[in-house]
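>>> sequence-free structure coming up:
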């Protein structure tokens, strides 16, 4: 089992560009969660998705951020028109159901220059 | 809203010293509790978790944690740390069947050899 796969590991974008972060959950896991880790802070919940559905997006900024988890393929976290404050590590986690603990991916470190 | 407090942001210990990292949460109901570890440059790994039953939970690598409901605490302990325990440790809480883990800010442990 390959675990939760995130790519790219590192992503550099100029201000105003778009960032697309990908997450493939563990085999058999249909629940995907995205978290953001800012320097000197813990992980902050962003969004929880199941296949083709957004279940809870209470942690997502209202503008420029979106997430999807299509029927086929990885979950995508999309950040439009990135700003310097978006620089962070973005972690994806998956679980087989809502009661189990998560398995985390290695994260994508986004740097906006 | 649920919040998680980790008492120390940085801890420095010598090898063979005992470790206790504090974690308190705010939610008064039934909770699931987790400790994750993040080694330098790596993803978060689950150390241990508590869902119900014996409040003293044993995890990997000699770690244990004790759930004290009356104190809203879930402190992490290890009797004798090793240099390889140098990492950042995160406490996290979720309501049963809840959507999201709420993380503490993390404690960076440095073990001197």
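Structure received. Owing to the predicted nature of the structure, the values given are computational and were not obtained by experimental measurement.

>>> what residues does chain A have near chain B?
A:33, A:35, A:40-45, A:48, A:55-56, A:59, A:91, A:93, A:98-99, A:101-107 (Cβ under 8 Å from any Cβ of the partner chain). (C-beta placed from N, C-alpha, C; glycine too.)

>>> now residue B:71: closest residue in space that isn't a chain neighbour?
Of all residues beyond its chain neighbours, the one nearest residue B:71 is residue B:24 (7.3 Å), with distances taken as Cβ to Cβ, 6 or more residues apart in numbering or on different chains.

>>> again, but for residue A:48
Computed as Cβ to Cβ, 6+ apart, the closest residue to residue A:48 that is not its neighbour in sequence is residue A:56, at 4.3 Å.

>>> what is the neighbour count of the one you found?
When counting by other Cβ atoms under 10 Å in any protein chain shown, one arrives at 15 neighbours for residue A:56.

>>> with residue B:67 instead?
20.

>>> ramachandran coordinates for residue B:76?
Residue B:76 adopts backbone torsions of phi -100, psi 140, taken as degrees, to the nearest 10.

>>> and the pLDDT for it?
Listed pLDDT for residue B:76 reads 98.

>>> that one bridge partners, please.
Beta bridges link residue B:76 to residue B:21, residue B:65, judged by DSSP bridges.

>>> what sits against it?
Contact analysis of residue B:76 by Cβ atoms under 8 Å, 6 or more residues apart in numbering or on different chains lists B:19-21, B:23, B:35, B:47-48, B:63-65, B:89, B:91.
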